[in-house]
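Q: Please work out how this folds:
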Amino acid sequence: MRYRSRVTAPAAALIATTAALTAAPSAHAAPTRTGTSAAGAKGTPGPETLGDPVFPDLGNDGYRVAAYHLDFTYDATTRLVDATATLRIRTTQALSRFSLDALGLDIRSVRVGGRKATYEQVAEKLRITPARTLPNKSWVTVCVEYSADPRRIPQPHTGWVDTLDGFAVCCQPNLAHTVFPCNDHPLDKADFTFRITVPGGLRGVATGLLERTESLSGGRTAYTYRSREPMATELVQITVGDYVIKDRQGPHGLPLRDVVPVARAEALEPALALTPNLVAWLEARLGAYPFETYGLLPCNSDAPNAFDFTGLETQTLTIYKPNYLLQAEPKIGSHMMHELVHSYFGNSVSPASWADLWINEGHADFYGLLYRYERGWPDSLGLTTMEARMKDTYAKGDQWRRDSGPVAAPNAANLFDGQRYLGGVLVLYALRNLVGESAFNALERVFLDRYRNSSASTADYIAVASEVSGQDLSGFLQDWLYGTKTPRMPGHPDWTVTPVNPSLAPRRRKGAVHHENSATL
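A: The predicted structure is shown next:
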């Protein structure tokens with residue numbers, strides 16, 4: 001069967017040790033200003049950055065995370081979450097101190113290798129000083145006990161989504177550390193397990209497949225889920241609410257599961273029923289779906305400020321606002337394809353840095369638009385062919401490069417501008433025109449296969465394109481991705497670019513992180 005399970009040694013070890021570690025008495029370590037390791041031990045503090053060009057303060061170095069186990073208990077009366085995050089890490093240097101990303105979490109205790117550790121919270125970092133220096137290339141378990149209030153920080157500065165009957169999480173791009181302490185960067189993917197304890201009448205659901213259900217005292221239930229493929233922190237989904245699970249079968253035996261508000265299950269069924277055909281269409285172009293399951297989470301909130309986007313590709317479970325999915329298929333099918341494409345570009349193959357976001361969004365819009373135009377559905381401009389939409393986008397190329405930078409050179413303010421979406425589509429369209437459809441289809445599959453379950457950069461994509469096409473495409477793609485002027489479009493020498501209007505200011509919503517710039521909407 002194609003959709004086989006995958007259990008790694010680090011994940012198995014973490015699952016086996018989590019119960020023992022979290023059962024240890026809580027010990028409140030007094031925060032320390034700088035922290036010191038045991039006398040005479042060698043080691044240095046780990047760097048508090050992974051050098052991301054868009055979010056330089058995100059992530060930490062000196063170690064890599066192999067696995068996370070997140071144990072959440074939700075109290076429906078207080079609406080608070082009591083949690084333990086257990087990480088299995090491997091050091092890449094001798095560490096006298098190391099950091100996790102964490103913000104807005106009430107830390108109660110930290111243990112490293114079962115021993116009480118001192119810690120302090122500085123800005124968005126949780127600095128941890130173990131009782132003893134951690135040797136280079138050593139495995140160690142880190143256990144952080146904390147609590148969180150999903151309602152404390154309003155969007156867009158938190159990964160928590162407060163709903164009518166619980167919560168969900170939306171962590172892209174840099175908000176996972178407001179939900180759990182982590183190395184919050186897609187370069188450091190890891191295995192995940194989740195245990196979610198909820199009161200009677202509610203259900204806990206997370207990324208991956210359900211492994212175990214436990215009946216506890218007081219009418220509570222604990223649900224344990226495991227993601228069978230490694231995952232970036234930004235792709236985690238944990239949700240609690242009055243949900244029903246709707247199971248159906250996808251192509252080649254792929255289990256599909258939707259997590260649906262009980263009160264709206266019947267009304268949402270027409271949209272949910274579209275998924276099997278969407279998967280089949282995409283598998284014919286990109287190969288087998290890369291994960292153990294897929295489905296939709298119509299989050300139980302349509303509040304305008306619930307989250308700042310229509311849909312988000314959390315791994316194996318795309319989150320939507322329910323009202324969007326109540327529309328007819330021509331209104332939603334293209335964007336449902338966009339989010340499904342992220343299972344390949346963005347989830348299975350994650351960006352090596354956030355400057356590589358165009359690979360995610362460009363591909364999602366590219367295939368989402370192809371799907372739309374094959375069905376004759378006009379897009380938001382009334383256009384019905386990819387060529388017509390690309391000609392329109394091409395004309396805007398220089399203005400977009402002036403307003404939002406080159407396609408592969410974003411900053412934090414313009415990361416989710418249309419340049420990463422339609423600008424990325426334009427690059428892929430130009431590449432396909434140059435190398436031909438057959439070579440383009442082949443290089444897409446090679447890229448996905450080579451970097452499956454890992455991260456890849458723009459340079460990696462360029463290298464694969466050159467290798468598979470049999471021609472050096474570095475100059476061509478460098479111009480398209482990093483140039484300040486829009487190159488000539490292969491196959492369309494008559495296409496022209498509208499001159500830049502220097503007085504035209506970029507249209508950007510103040511304080512927004514996720515911009516609704518997908519052409520599939």
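Q: Going along the chain, name the helices of this protein.
A: For the chain, the helices defined by DSSP state H occupy 9-22, 265-272, 275-286, 329-341, 357-374, 386-395, 397-404, 418-435, 437-450, 458-469, 474-482.
Q: Could you save those as JSON lines and add columns showing mean neighbour count, distance to residue 76 and mean pLDDT?
A: Placement of C-beta: from N, CA and C, glycine included. JSON lines is the format used below for the helices of the chain (neighbours: other C-beta atoms under 10 Å; distance: least, C-beta to C-beta, whole Å; pLDDT from 0 to 100):
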{"stretch": "helix 9-22", "mean neighbour count": "16", "distance to residue 76": "22", "mean pLDDT": "44"}
{"stretch": "helix 265-272", "mean neighbour count": "16", "distance to residue 76": "21", "mean pLDDT": "98"}
{"stretch": "helix 275-286", "mean neighbour count": "17", "distance to residue 76": "30", "mean pLDDT": "98"}
{"stretch": "helix 329-341", "mean neighbour count": "22", "distance to residue 76": "30", "mean pLDDT": "98"}
{"stretch": "helix 357-374", "mean neighbour count": "24", "distance to residue 76": "36", "mean pLDDT": "98"}
{"stretch": "helix 386-395", "mean neighbour count": "18", "distance to residue 76": "47", "mean pLDDT": "98"}
{"stretch": "helix 397-404", "mean neighbour count": "20", "distance to residue 76": "43", "mean pLDDT": "97"}
{"stretch": "helix 418-435", "mean neighbour count": "24", "distance to residue 76": "39", "mean pLDDT": "98"}
{"stretch": "helix 437-450", "mean neighbour count": "16", "distance to residue 76": "42", "mean pLDDT": "98"}
{"stretch": "helix 458-469", "mean neighbour count": "20", "distance to residue 76": "45", "mean pLDDT": "98"}
{"stretch": "helix 474-482", "mean neighbour count": "18", "distance to residue 76": "49", "mean pLDDT": "98"}
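Q: Quick one: closest of the ones you listed to residue 505.
A: helix 397-404 (7.9 Å; C-beta to C-beta).
Q: So which elements touch the closest one?
A: helix 418-435 (3 or more C-beta pairs under 8 Å, 6 or more residues apart in numbering; DSSP states H and E).
Q: Distance from the chain centre to the helix it packs on, please.
A: Distance, stretch centre to chain centre, for helix 418-435: 22 Å (C-alpha atoms, centre = their mean, to the nearest Å).
Q: cool, and stretch 415-424?
A: Chain-centre distance of stretch 415-424: 17 Å, with C-alpha atoms, centre = their mean.
Q: got CSV for the helices of the chain, with distance to residue 133 too?
A: CSV is the format used below for the helices of the chain (distance: least, C-beta to C-beta, whole Å):
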stretch, distance to residue 133
helix 9-22, 20
helix 265-272, 52
helix 275-286, 46
helix 329-341, 45
helix 357-374, 37
helix 386-395, 54
helix 397-404, 45
helix 418-435, 42
helix 437-450, 37
helix 458-469, 35
helix 474-482, 42
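Q: ok, now which ones touch residue 190?
A: 65, 66, 67, 68, 230, 231, 233 (C-beta atoms under 8 Å, 6 or more residues apart in numbering).
Q: Distance from stretch 148-165 to the middle of the chain?
A: Put simply, stretch 148-165 sits 18 Å off its chain's centre (C-alpha atoms, centre = their mean).
Q: outside of that stretch, which residues touch it?
A: With C-beta under 8 Å, 6+ apart as the criterion, stretch 148-165 contacts 76, 79-81, 83, 104-106, 167-171, 175-179, 202, 239-242, 299-301, 305-308, 319, 511-514.
Q: buried subset of those?
A: Neighbour counting with 16 or more other C-beta atoms under 10 Å marks 80-81, 83, 104-105, 167-171, 175-179, 202, 239-241, 299-301, 306-308, 319, 513-514 as buried within the contacts of stretch 148-165.
Q: Identify those among these that sit within strands.
A: 80, 81, 83, 167, 168, 169, 239, 240, 241, 319 (DSSP state E).
Q: okay, residue 33: pLDDT?
A: Confidence at residue 33, expressed as pLDDT, is 33.
Q: same thing with the one 4 residues further on?
A: pLDDT, residue 37: 37.
Q: In this structure residue 265 contacts residue 246, no?
A: Yes. Using C-beta atoms under 8 Å, residue 265 is in contact with residue 246, at 6.8 Å.
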